[in-house]
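Colleague: What would the 3D arrangement of this be:
(one chain, ligands or ions: 2)
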Amino acid sequence: MIPLLHDFTDETVLVFGGGPVGARKARRFAAEAEVVVVSPEFADREFGSAELVREAPDADGVRAWVERTEPALVVAATDDADLNAAAETAASDRGALVNRADDHGEQSVGNVVVPATVRDDPVTLAVATGGHSPALSKHLRESLEAQFAGAGDMARLTGNLREELKATDMTATERRDAVRTVVRSDEVWKALDSGRSKARQVAADVIGYQMGDTS
Ligand SMILES: C[C@@]1(CC(=O)O)C2=NC(=C\c3[nH]c(c(CCC(=O)O)c3CC(=O)O)Cc3[nH]c(c(CC(=O)O)c3CCC(=O)O)/C=C3\N/C(=C\2)[C@@H](CCC(=O)O)[C@]3(C)CC(=O)O)/[C@H]1CCC(=O)O
Ligand SMILES: NC(=O)c1ccc[n+]([C@@H]2O[C@H](COP(=O)([O-])OP(=O)(O)OC[C@H]3O[C@@H](n4cnc5c(N)ncnc54)[C@H](O)[C@@H]3O)[C@@H](O)[C@H]2O)c1
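Modeller: Residues are numbered from 1 along each chain as shown. Ligands and ions are numbered 1, 2, ... in the order given. This is a model prediction of the structure:
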């Protein structure tokens with residue numbers, strides 16, 4: 001399995017099952033997509049901005065929901081394996097991706113796995129264990145969250161720096177080396193704690209570059 005990133009902006013994600021797992025997936029996708037959760041009952045959890053539809057569809061009903069909402073992704077998170085299988089078939093017939101919460105085996109084409117994710121925009125880290133141990137994915141996610149604090153700021157800092165260096169007469173190789181030096185510098189990571197303008201100056205010092213006043 002190879003991780004890819006997928007932009008769900010303006011897409012619909014259709015979730016079957018309103019238990020803790022359906023709620024977690026709804027929250028996750030509602031950060032970017034329009035999410036509809038169909039379930040006869042809803043756990044006492046946060047579902048983000050998802051639309052909740054109280055209904056217990058059978059296999060035909062599941063297909064009708066998939067046809068009506070034209071989702072980019074269907075999440076099958078009910079406690080009924082046959083119904084989850086029906087959701088998988090309906091999604092696949094419509095060319096939608098499918099995530100089965102009750103299956104960690106070999107995945108067929110169009111089936112996707114949701115990894116544990118650390119976000120510090122614009123940086124994303126994803127952890128998966130090939131379905132062996134989601135608990136380990138969660139644990140690693142929690143440790144990585146602490147370890148990579150500031151990664152978003154580092155990405156913005158070096159993104160700006162790269163643009164600035166492009167405007168100089170540096171060669172591409174020199175620019176690459178300079179950016180690599182900055183991302184590997186403990187001093188710059190530490191300086192990020194005290195704000196980005198300080199970090200920007202430290203980055204300039206580390207690569208011996210006289211920065212202009214853009215950013
Ligand atoms: C990462 C995360 C993302 C998310 O779901 O948001 C996620 N599971 C999380 C938590 C978690 N899940 C489970 C536990 C209990 C402890 C344990 O069993 O380990 C815990 C931990 C807890 O709750 O503390 C049980 C479980 N999970 C699956 C099954 C079915 C099966 O294995 O067949 C069962 C057994 C059900 C049973 O008991 O029968 C299946 C899947 N779960 C996946 C992802 C995919 C594989 C990812 C990977 O390769 O690691 C996959 C294959 C499909 C999918 O759902 O995409 C999320 C952490 C979010 C976070 O970061 O906080
Ligand atoms: N991926 C994961 O991280 C993970 C973790 C634990 C369990 N699981 C698996 O995912 C499934 C869901 O986990 P859970 O803890 O949320 O279970 P749960 O039993 O608490 O919730 C299942 C939900 O499905 C709903 N449902 C039942 N019939 C339905 C229908 N016809 N249409 C729509 N919804 C229907 C129920 O009302 C309930 O809200 C479990 O059965 C298990 O196989 C996955």
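Colleague: Near ligand 2, which residues of this structure are found?
Modeller: 16-22, 38-41, 43, 56-57, 77-80, 83, 101-102, 134 (Cβ under 6 Å from any ligand atom). Where you see a C-beta, it was placed from the backbone N, CA and C, and this is true even at glycine.
Colleague: out of these, which are inside helices?
Modeller: Among those, the members found in helices (DSSP state H) are 20-22, 83, 134.
Colleague: residues contacting the most far-flung residue of the chain relative to its centre?
Modeller: For the chain, the largest distance from the centre (Cα atoms, centre = their mean) belongs to D169, which lies 36.9 Å off. Listed by Cβ atoms under 8 Å, 6 or more residues apart in numbering, the contact set of D169 is empty.
Colleague: mind checking which helix or strand it is in?
Modeller: Counting by DSSP states H and E, there is no helix or strand that carries D169.
Colleague: List the contacts of the nearest residue in space to D120 that is not next to it in sequence.
Modeller: Closest residue in space to D120, ignoring its immediate chain neighbours: G152 at 3.8 Å, by Cβ to Cβ, 6 or more residues apart in numbering. Neighbour list for G152: 120-123 [criterion: Cβ under 8 Å, 6+ apart].
Colleague: 6 Å - rerun?
Modeller: By Cβ atoms under 6 Å, 6 or more residues apart in numbering, the contact set of G152 is 120-121, 123.
Colleague: Could you list which of those also contact ligand 1?
Modeller: Answer for the contacts of G152 near ligand 1: none qualify (Cβ under 6 Å from any ligand atom).
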